[in-house]
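# model this:
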Amino acid sequence: MADTAAIRALRTMDLIPFILENPGISTHELALRFSVTQKQIEDDLSLVFLCGLPGYTPYELIDLTFEDGVVSVIDPQVLDRPRKFSNSELVVIKLGLQVLREINVDQPIKLAKIDKLFAKIFSDFDQIPFVSKNVMSSSPYYADISKAIYQRRRLKIQYQSISKDAVTERVIVPQGITVLNGNLYLHSFDLSAREERTFRLDLINKCELSEKVLEEFSLQNSKEVLVELWVDQEMLNFIERNSSIVEEQSKVDNGFKVILKVSNLEWISRAVLSHAPYIKVISPTSLSNEVNERIKRLLENYAFFAPN
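Numbering: from 1, shown residues only. So this is what the prediction gives:
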């Protein structure tokens with residue numbers, strides 16, 4: 001069998017758990033076990049040595065040695081167990097396949113491929129992870145929104161903003177749908193604000209398909225600001241989820257210092273509030289002051305309504 005990039009990637013992910021279970025194993029024995037040459041095993045180990053978690057500083061890289069043909073793993077990072085989907089990963093995969101089915105309902109060839117992949121992934125599991133009663137049904141406009149994304153069409157929506165306690169009408173260019181904490185979120189470009197906006201699907205009261213988009217809207221056209229944050233080491237997943245806008249990242253005491261390129265200060269303000277005190281704004285000062293003022297008002301409100 002030809003050693004494709006996919007096959008090599010799978011083999012390298014299997015190498016570390018196997019070495020941990022067989023400390024001091026030689027590259028020759030590994031080559032026999034994985035049915036490749038000793039040179040290929042050494043190349044794979046060199047590749048693994050350069051891999052790790054986002055950030056890719058010495059703190060996040062996989063640490064191993066293979067001197068004199070003997071292999072030892074010092075720090076396996078996340079590759080300390082054999083390849084296996086976690087329940088969270090299975091939920092994401094299942095939900096993703098459901099979304100693909102919804103988008104391709106009128107394309108039987110694609111549907112057949114999706115169903116085949118679904119059966120292949122979940123056939124060996126006694127219990128498929130629970131996904132709350134078809135999350136797509138939480139919005140009656142899911143089909144229209146999916147069509148707008150696929151066909152590059154504008155949407156006119158009426159949106160109920162919880163934070164501002166107001167109903168507004170927007171004309172948007174939808175760009176994608178994601179799931180977070182059981183809710184569907186629509187990422188889009190707001191044509192009025194000329195900025196990126198995110199909307200919860202269940203808070204969209206009305207949705208109307210408009211004409212096709214005649215131009216491509218780039219988020220680079222919106223005003224971007226560099227925001228410096230301190231992120232607790234327990235909140236590393238926040239950095240990973242937003243890796244596309246991370247400009248710099250460094251390890252500091254009890255956490256990380258990161259610089260994000262942000263086009264929506266309201267979004268980052270809410271993100272910091274929702275993760276407080278594990279994320280704090282370092283700069284700009286105006287954003288830090290705004291977040292601190294919001295926290296102060298929230299605490300005052302809690303104190304006012306708290307029972308005596």
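
# Any regions of the chain where pLDDT drops low?
For the chain, applying pLDDT under 70 flags the ranges 1-3, 49-50, 52-65, 74-88, 124-138, 163-164, 179-182, 212-223, 302-308.

# Can you give the domain ranges for it?
The chain breaks down into these domains under automatic domain parsing: 5-75, 87-131, 139-219, 223-305.

# Put together CSV for the ones you listed, with mean neighbour count on each row.
C-beta coordinates here come from the backbone N, C-alpha and C atoms, glycine included. Formatted as CSV, these follow (neighbours: other Cβ atoms under 10 Å):
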stretch, mean neighbour count
domain 5-75, 15
domain 87-131, 13
domain 139-219, 15
domain 223-305, 15
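
# can you give me the helices for the stretch 51-200 of the chain?
Using DSSP state H, counting those that start in this stretch, the helices of the stretch 51-200 of the chain run over 87-103, 108-122, 142-151.

# Which SSE is immediately downstream of the helix or strand harbouring residue 240?
Assigned by DSSP states H and E, residue 240 belongs to helix 236-241. Counting by DSSP H and E, the next helix or strand C-terminal to helix 236-241 is strand 246-252.

# For that next one, name the packing helices and strands.
Applying 3 or more Cβ pairs under 8 Å, 6 or more residues apart in numbering; DSSP states H and E, we find strand 246-252 packed against strand 255-262.

# Give me the contacts around the strand it packs on.
Strand 255-262 is contacted from outside by 55, 224-233, 235-236, 239, 242, 245-250, 268, 282, using Cβ atoms under 8 Å, 6 or more residues apart in numbering.

# Compute the inter-axis angle for that strand and strand 246-252.
170 degrees (axes from the mean of the first three to the mean of the last three Cα atoms, to 10 degrees).

# which strands and helices sit next to the helix or strand just after strand 255-262?
Downstream of strand 255-262, the next assigned helix or strand under DSSP H and E is helix 265-275. Counting contacts by 3+ Cβ pairs under 8 Å, 6+ apart, helix 265-275 packs against strand 225-232, strand 279-283, helix 285-305.

# Centre of the chain to the helix holding residue 240, how far?
8 Å (Cα atoms, centre = their mean, to the nearest Å).

# Using PDB, write out every CA atom in it.
As requested, the backbone C-alpha atoms of helix 236-241 are provided in PDB (Å, rounded to 0.1, in the frame of the first residue of the first chain):
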ATOM      1  CA  LEU A 236      -6.600  27.100  26.700                       C
ATOM      2  CA  ASN A 237      -9.600  25.900  24.800                       C
ATOM      3  CA  PHE A 238     -10.600  29.600  24.300                       C
ATOM      4  CA  ILE A 239      -7.300  30.200  22.500                       C
ATOM      5  CA  GLU A 240      -7.800  27.100  20.400                       C
ATOM      6  CA  ARG A 241     -11.300  28.000  19.400                       C
END
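
# That one packs against which elements?
Helices and strands touching helix 236-241, by 3+ Cβ pairs under 8 Å, 6+ apart, are strand 255-262.

# So what's the gap between the strand it packs on and the chain middle?
On Cα atoms, centre = their mean, the centre of strand 255-262 falls 16 Å from the chain's centre.

# partners of the lengthiest strand in the chain, with directions?
Longest strand in the chain, counting residues (DSSP state E): strand 166-180. Looking at strand 166-180 with DSSP bridges, its partner strands are strand 153-161 (antiparallel), strand 183-190 (antiparallel).

# Which among those strands is found nearest to residue 38?
Nearest of the strands paired with strand 166-180 to residue 38, taken as Cβ to Cβ: strand 183-190 at 47.7 Å.

# and the closest one with helix 87-103, angle?
60 degrees.

# Grab the CA positions of strand 183-190 and hand them over as PDB.
Provided in PDB are the C-alpha atoms of strand 183-190 (Å, rounded to 0.1, in the frame of the first residue of the first chain):
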ATOM      1  CA  ASN A 183     -27.300  26.600  20.600                       C
ATOM      2  CA  LEU A 184     -26.900  27.300  16.900                       C
ATOM      3  CA  TYR A 185     -25.100  30.500  15.900                       C
ATOM      4  CA  LEU A 186     -25.100  32.300  12.600                       C
ATOM      5  CA  HIS A 187     -21.800  34.100  11.600                       C
ATOM      6  CA  SER A 188     -22.500  36.800   9.100                       C
ATOM      7  CA  PHE A 189     -21.500  40.200   7.600                       C
ATOM      8  CA  ASP A 190     -23.900  43.000   8.700                       C
END
